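S.K.: Here is a sequence together with a model predicted from it:
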Amino acid sequence: MSRLMWSLTRHPVGLAGSALAIVAGILLIFFLGLELTGYEGGPYLGILTFMVIPMVFVLGLVLMPLGLFLQRRKAKKEGREPGSGRMPVLDLNLDHHRRRLLIIIGISVVNITLLAVVTYKGVHYMETSEFCGTTCHTVMSPEYSTYRQSPHAQVGCVDCHIGSGAGWFVKSKLSGSWQVVSVALDLFPRPIPTPVHNLRPARDTCEECHWPTKFLGERLKVIPHFASDEANTESSTVLLLKVGGSEGHRAQGIHWHVDPGNRIRYRADEGRHEIYDVELTLPDGEKRLYMPAGGVPEDAGEWREFDCLDCHNRPSHIYRFPASELDNALAEGVIDPGLPFIRREGLKVLEQDYASHEEAQLEIDSRLRAFYVENHPDVLAAREQDIERAIRRLTSIYTTNVHPVMNITWGTYLNHLGHEDSPGCFRCHNDEHETEDGLVISQDCETCHTLLAMEEENPEILQMLRP
Ligand code: HEC
Ligand code: HEC
Ligand code: HEC
Ligand code: HEC
Ligand code: HEC
């Protein structure tokens, strides 16, 4: 043992390697033990335990034999230790040789076990949404905060961003390593550009959980609106959305696009905001090419297979506009519609620019109070709690959707589902994409929904459905 240590540590490289490996090994065992006791140290401890220390440990293990090798070469050059150019001879009949072999095997088993445990747990750890969402705190906090309020809050980041299969797993780990580096060196763009061009096709992610051929039928959608008057007058838009899907042999409605029989490809600009030519292949093999009114530019991008993400581009990181956030909060009653002018004043404070979330919190509070002090002092006194609650909700609306550090403001990430907040469906359904035979992709209002009421107070249809 002592002879082994002696030869390992004679060269400075070997000495450094041994020291690193021993210190890192002890730390690793300590932190893994800590983890076993259930201690949760947060993402930084995770990075330390599963990335930094193991790297140091492996570096140490690599340096040790390198040190031995350098030492032998040096000795050979200096002509000392005759025979040192040859490989060492192992004679199992000799006691101390047997002992040395056993020690080397023993240490290797311990090292390999330790590395295996760390790799296994580390890979597992890096797939948790906690790691993805909080490690690179500033970068990911917008995505994490919108994700946590989305219908997919229980679905892991990796289920959409990586999917299953070894190939994508390795690919994601490679690009993930680069991302860690780019965060450390502050090289990432703000905001993070979208669409994510290397996102895996929806077939391998969304369709692991949702069936494209499931018939979803029609969906009644009630969208609340509130006016800017003193009473915050409520009205509703009621739509019967033809969500559709496949029924029997026939696909229809909005999910007709993703029926396996139909195939749509398109070319668009980098951000997929402007869609150029669209090619539709029908189940019988008939092809239709719809050309845009303005022609196709020279630098039109690659063809992209149309899938779930071309409509559901924000299934998880859903950013909304202040007006619709306010309308929803008022409809839920979290912001009390009985507070005079709260819709108008709420919109005003939300549409301001603030330098940070902290400033937003202070300013929203003082501005809203100032309004009531000046105009409705009686309300401020009588309804302190409701105003307090409104301020809290307004602040959380702001801090979920606007992230000054990442240059994310209202409308940075647009949702294509519909045509209110972005051109969305109208990128194709604009009556201007036309085939040679004069067929167009229709903008007819009845194609996708039946409008049962449009910003009506107490619409008849709702009185009938909710007597
Ligand atoms: C339900 C699926 C889904 C889940 C779960 C999900 N994402 Fe995403 N994410 C997407 C899609 C789709 C896009 C790309 C939108 C586009 O390309 O237009 C995206 C985009 C992003 C972007 C690029 C910036 C942006 O907002 O467009 C980041 C960063 C990101 N996701 C991080 C995360 C993190 C971190 C988690 C877990 C906390 C997560 N995602 C969970 C589907 C998902
Ligand atoms: C790991 C499984 C899983 C994956 C992967 C997944 N989803 Fe979902 N999705 C769900 C679950 C579970 C719900 C239901 C949540 C609920 O009922 O609140 C849901 C709900 C939805 C809804 C309805 C949301 C609403 O407003 O009620 C849409 C749309 C949707 N998913 C689209 C997608 C798209 C697009 C993708 C791919 C980017 C995707 N999902 C990937 C599990 C998944
Ligand atoms: C042409 C655009 C489009 C495509 C492509 C599309 N969807 Fe949808 N999907 C919609 C619209 C619009 C709705 C209704 C949204 C609403 O209720 O507000 C919807 C609703 C849904 C819902 C919720 C159904 C319900 O009853 O609430 C799920 C789940 C869903 N889509 C999954 C998918 C999946 C998975 C894919 C890909 C296989 C896909 N969608 C492709 C537009 C699309
Ligand atoms: C990439 C272009 C493109 C986009 C974006 C797009 N569509 Fe379409 N859509 C088409 C094409 C092409 C057709 C077939 C036109 C035809 O011949 O009727 C179609 C047909 C439809 C139909 C009729 C299906 C049937 O029963 O025959 C509905 C409904 C529809 N789209 C809804 C939507 C909705 C809702 C959105 C947005 C969430 C949307 N589409 C976005 C290209 C697109
Ligand atoms: C290609 C499909 C399509 C066509 C064509 C279409 N819409 Fe829509 N529209 C949608 C979808 C999808 C939504 C719902 C988005 C959502 O889930 O919030 C919507 C939502 C709406 C809303 C509710 C918006 C809100 O937030 O209050 C109104 C109003 C509306 N459409 C009016 C029209 C009118 C008017 C036309 C005819 C010019 C039209 N739409 C044509 C797909 C379409």
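M.R.: Sure thing, it's come through. In this text the structure is predicted, and so the values were computed from the model without any measurement. Residues are numbered from 1 along each chain as shown. Ligands and ions are numbered 1, 2, ... in the order given.

S.K.: Now do the helix of greatest length in the chain: which elements does it pack against?
M.R.: In terms of residue count, the longest helix belonging to the chain (DSSP state H) is helix 95-126. In this structure, helix 95-126 makes packing contacts with helix 2-9, helix 12-36, helix 53-77, judged by 3 or more CB pairs under 8 Å, 6 or more residues apart in numbering; DSSP states H and E. Every residue, glycine included, has its C-beta placed from N, CA and C.

S.K.: if we compare those helices, which one ends up closest to ligand 3?
M.R.: Of all these, it is helix 12-36 that lies closest to ligand 3, at 36.7 Å by CB to the nearest ligand atom.

S.K.: That closest one: which residues count as buried?
M.R.: For helix 12-36, a neighbour-count test (16 or more other CB atoms under 10 Å) marks 13-14, 16-18, 20-21, 24-25, 27-28, 31-32, 35 as buried.

S.K.: Distance check, Gly294 against His433.
M.R.: 10 Å (CB to CB, to the nearest Å).

S.K.: So for these two, which residue has more residues nearby?
M.R.: The residue with more neighbours, out of Gly294 and His433 and counting by other CB atoms under 10 Å, is His433; that gives 22 against 9.

S.K.: Please identify which helix or strand holds the residue nearest to the more buried one when sequence neighbours are not counted.
M.R.: Counting by CB to CB, 6 or more residues apart in numbering, His433 lies nearest to Tyr290, which is 3.9 Å off, once chain neighbours are set aside. Element membership for Tyr290 (DSSP states H and E) is strand 287-290.

S.K.: same check, this time on Asn415
M.R.: Per DSSP H and E, there is no helix or strand for Asn415.

S.K.: Surely it touches Pro423?
M.R.: No. Asn415 is not in contact with Pro423 according to CB atoms under 8 Å; the separation is 11.0 Å.

S.K.: which residues do those two both contact?
M.R.: Shared contacts of Asn415 and Pro423, defined by CB atoms under 8 Å, 6 or more residues apart in numbering, are absent.

S.K.: Between those two, which has more neighbouring residues?
M.R.: Neighbour count, other CB under 10 Å: between Asn415 and Pro423, Asn415 has more, with 20 against 17.

S.K.: which residues touch the closest residue in space to the more buried one that isn't next to it in sequence?
M.R.: Leaving aside its sequence neighbours, Asn415 sits nearest to Arg314 (CB to CB, 6+ apart; 4.6 Å). Counting by CB under 8 Å, 6+ apart, Arg314 touches 413, 415-417.

S.K.: tell me which element Arg314 is part of?
M.R.: Applying DSSP H and E, one finds Arg314 in no helix or strand.

S.K.: quick one: secondary structure of the residue of the stretch 351-467 of the chain found nearest ligand 2?
M.R.: Nearest to ligand 2 in the stretch 351-467 of the chain, going by CB to the nearest ligand atom, is Leu417, at a distance of 8.0 Å. Per DSSP: H, G, I helix; E, B strand; the rest coil, the local secondary structure of Leu417 is coil.

S.K.: How many neighbouring residues does it have?
M.R.: 17.

S.K.: Give me the distance between it and ligand 3.
M.R.: 5 Å (CB to the nearest ligand atom, to the nearest Å).

S.K.: Arg392 too?
M.R.: For Arg392, the distance to ligand 3 - CB to the nearest ligand atom - is 27 Å.

S.K.: Pull out the buried positions in the helix or strand that residue falls within.
M.R.: Assigned by DSSP H and E, Arg392 falls within helix 384-401. By neighbour count on 16+ other CB under 10 Å, the buried set for helix 384-401 is 387, 389-391, 393-401.

S.K.: Could you do stretch 428-440 as well?
M.R.: Applying 16+ other CB under 10 Å to stretch 428-440 flags 428-430, 433, 440 as buried.
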